[in-house]
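1. Show me the folded form of this:
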Amino acid sequence: MPAPAKPKPIRMIVGLGNPGAEYAQTRHNAGFACVDALGARLGVSYWKTQAGSEVARVRMRGEDGPTEVLLVKPQAFMNVSGGPVAKLAASERIKPAEILVVHDEVDLAPGDVRAKFGGGLNAHNGLRSLADKLKTRDFGRLRCGIGRPPGRMEVATYVLKPMKGSDWADFELMAQQAADLCEKAVAEGLAAVIS
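-> Numbers count the residues shown, from 1 in each chain. This next block holds a predicted model:
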């Protein structure tokens, strides 16, 4: 059996979400919100369409000095987002262990952001699609806590329900915290943010 992969310096940050204005303020778009926050912070003014994703090339402080990192928002729906990501990674010669995927996580309290490398897919359709198309689960994940739905609400309804007021304000704050961790993961390595 091959030895498990280890994280490598991050060359691609993928935010998971669903394209379209009707999904913009939903919990399922935590990945897009984080990548947008990071892009704004790094002065991104143009997103190029490449391999079915919106892509911005940015310079970030890396482990060994300035490094180029791709910020990526797949423009396929969540459950098929692995296709565009795998295609882009192959064209850019980026290995799965050099990818950090930002996604919503129902098993973490709202606002809690945690990093990990590899592991289970936790019934997350975006992660399942990525693992299937990348042919491995060995990629970095930044899990943005959204908590469990209240009462008997279905998870699918909860993650796709637009947020307003303080829920939205808290969600935007979490996106900024996730962007902080992305910067630290690129600068110091994924191990520095795994908790």
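
2. what about the closest residue to residue 59 other than its chain neighbours, how many neighbours?
-> Distance criterion Cβ to Cβ, 6 or more residues apart in numbering; nearest residue to residue 59, sequence neighbours excluded, is residue 66 at 5.2 Å. Glycine gets a C-beta too; all of them are placed from N, C-alpha and C. Neighbour count for residue 66, taken as other Cβ atoms under 10 Å: 8.

3. Could you list the low-pLDDT ranges of the chain?
-> Within the chain, the ranges that satisfy pLDDT under 70 run 1-5.

4. Look up which residues are beta-bridged to the residue most central in space within the chain.
-> In the chain, the C-alpha nearest the mean C-alpha coordinate belongs to residue 102, at 1.7 Å (Cα atoms, centre = their mean). Residue 102 has the following beta-bridge partners by DSSP bridges: residue 15, residue 142.

5. in the chain, which spans are strands?
-> Listed in chain order, the strands of the chain (DSSP state E) span 12-15, 48-50, 53-62, 65-74, 99-105, 113-117, 140-145.

6. just these: most buried one?
-> Counting by mean count of other Cβ atoms under 10 Å, strand 12-15 has the highest mean neighbour count of the strands of the chain, with a mean of 28.

7. so residue 48 bridges to which residues?
-> With DSSP bridges as the criterion, residue 48 is bridged to residue 55.

8. Check the gap between the residue nearest to residue 170 when sequence neighbours are not counted and residue 99 for me.
-> Distances taken as Cβ to Cβ, 6+ apart put residue 111 closest to residue 170, at 5.9 Å, once the chain neighbours are dropped. From residue 111 across to residue 99, the span is 24 Å (Cβ to Cβ, to the nearest Å).
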